[in-house]
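# below are the sequence and a predicted model; questions follow.
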Amino acid sequence: MGRSPKGDSEMNREMRALFPVFEGQDEWVYLDTAATAHKPRVVIEALARFYEKEYATVHRAIYQRSLVASERYHETRRSAQKFLNAALTEEIVFTRGTTDGINLVALSLGRSFGEGDEIVVCETEHHSNLVPWQMLAERSGAVIKWAPVDEKGEIDLGVFRELLGERTKLVAVAHMSNVTGTIYPIRELADLAHGAGAKILVDGAQAAAHMKIDVQALDVDFYVFSGHKCYGPTGIGVLYGKKKWLEEMPPVQGGGDMVDRVEFEGSTYQPAPLKFEAGTPLIGPVIALKPALDWLMELGMEKISEWEHQLYEEVFKAASDIEGLRVIGTALNKGALFTFSIDGVHPLDGATLLDLKNISIRSGHLCAQTALRRFGLTAALRASFGVYNTLEDVELFVEELKKIVHSLRS
């Protein structure tokens, strides 16, 4: 079965051709971009070119290839700065991903936390923005306060305000929930946190590839995201931190490149961000992250957001007549995540049967067990969209979903 336009925009009819993974896969419907995004040819070629033609270490040698690699490595830092609208390149730290970035802050900033200090965490967070704070609380004696959400998946700002107090040290919240798709009011949350003398860390894993991010306008203290969800390589992520905090925070790993001077009696460290990047870094993935971020900025984040929202509206409308279907997260301001359950259909059965029809969606607890329990569930189904998805993808998905529901209930 070939693909036909069926109302798809010119951008999206041509977009799939930029992704080698879709070559010869006209019938494949990929709806799991919230888990990981496929890679455009420009990213794959950049990674291959580095390993085939340009490979060299960085920050350690004076020969030409190393100097070129070091400059390209730093160019990615500049692209990440632009992507987030950070004030300085020194505010951009390369990590192994969102999880690693959050853990870095928990391990470093967390050294100043003590008995009775408070961390406010939204109850619908991904495990990566929840477990590190539990571990910090166990180490330090700090207390976690849980910010609730309502049935729509929205944070009640009044309740949130009441959770803040003189012992609050940090607020940790997603920009966009990986379960409900809710886009939280980060600037308002940041203002409330700062008013209480606390810092705010934002998990941008779900938001970064789908909407324009401006860390200065949001006034957040830390913002983290992963390259692989932004159409870039796996194993690479970005931690933004305000310079004044990164300067104060101690490194959490020791080794080459993060030190300034080493003596038997002790060592001094490089300034941020290098003091947080011990050892030989993931040079290839860092360099290949640049074309991914540049490509997204060239496409236009507003344009991407608008198209993906149209896809969400189409699937919401088309699936609304499925008896027993419940959408998880109905906030007015939300991203293109369609998380749902269906009476009488186990999520694993639904996802498996869709896979037999060449439709890939996520099932299970979505790495957010507390979030699903908030909505009375232990597992759910989730369809999520990327720049390569089309209106035809939505049509095929809903059509097969309806057939599956009918067959399981017959």
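Good, I have the coordinates.
# residue boundaries of the helices in the stretch 251-400 of the chain?
In the stretch 251-400 of the chain, helices defined by DSSP state H, counting those that start in this stretch lie at 283-299, 301-319, 347-356, 369-374, 391-409, listed in chain order.
# dump these to a markdown table, plus distance to residue 275.
Just so you know, the C-beta spots here come from the backbone N, C-alpha and C atoms, and that holds for glycine as well. Written out in a markdown table, the entries for the helices of the stretch 251-400 of the chain read as follows (distance: least, C-beta to C-beta, whole Å):
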| stretch | distance to residue 275 |
| --- | --- |
| helix 283-299 | 17 |
| helix 301-319 | 31 |
| helix 347-356 | 43 |
| helix 369-374 | 34 |
| helix 391-409 | 45 |
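# tell me the most buried of these?
Most buried of the helices of the stretch 251-400 of the chain, by mean neighbour count (mean count of other C-beta atoms under 10 Å): helix 283-299, with a mean of 21.
# and the contacts of that one?
Helix 283-299 is contacted from outside by 11, 39-40, 42-44, 46-47, 50-51, 55-58, 69, 72-73, 75-76, 79-80, 82-83, 94, 209, 227, 230-236, 238, 304, 387, using C-beta atoms under 8 Å, 6 or more residues apart in numbering.
# next, the angle helix 301-319 makes with it.
Orientation of helix 283-299 against helix 301-319 (axes from the mean of the first three to the mean of the last three C-alpha atoms, to 10 degrees) gives an angle of 80 degrees.
# which SS state does residue 119 fall under?
At residue 119, secondary structure determined by DSSP: H, G, I helix; E, B strand; the rest coil is strand.
# the stretch 101-250 of the chain: strands as residue ranges?
Remark: strands assigned in the stretch 101-250 of the chain by DSSP state E, counting those that start in this stretch are 118-122, 143-147, 168-174, 199-203, 222-226, 237-241.
# okay, those strands in a markdown table with mean neighbour count and distance to residue 357 next?
Converted to a markdown table, the strands of the stretch 101-250 of the chain look like this (neighbours: other C-beta atoms under 10 Å; distance: least, C-beta to C-beta, whole Å):
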| stretch | mean neighbour count | distance to residue 357 |
| --- | --- | --- |
| strand 118-122 | 24 | 35 |
| strand 143-147 | 17 | 39 |
| strand 168-174 | 24 | 31 |
| strand 199-203 | 25 | 33 |
| strand 222-226 | 28 | 29 |
| strand 237-241 | 29 | 33 |
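# could the ones you listed be laid out in a markdown table, adding distance to residue 291 and mean pLDDT?
Output for these, formatted as a markdown table (distance: least, C-beta to C-beta, whole Å; pLDDT from 0 to 100):
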| stretch | distance to residue 291 | mean pLDDT |
| --- | --- | --- |
| strand 118-122 | 33 | 99 |
| strand 143-147 | 37 | 98 |
| strand 168-174 | 26 | 99 |
| strand 199-203 | 24 | 99 |
| strand 222-226 | 16 | 99 |
| strand 237-241 | 15 | 99 |
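# having no further points to raise, I will conclude here.
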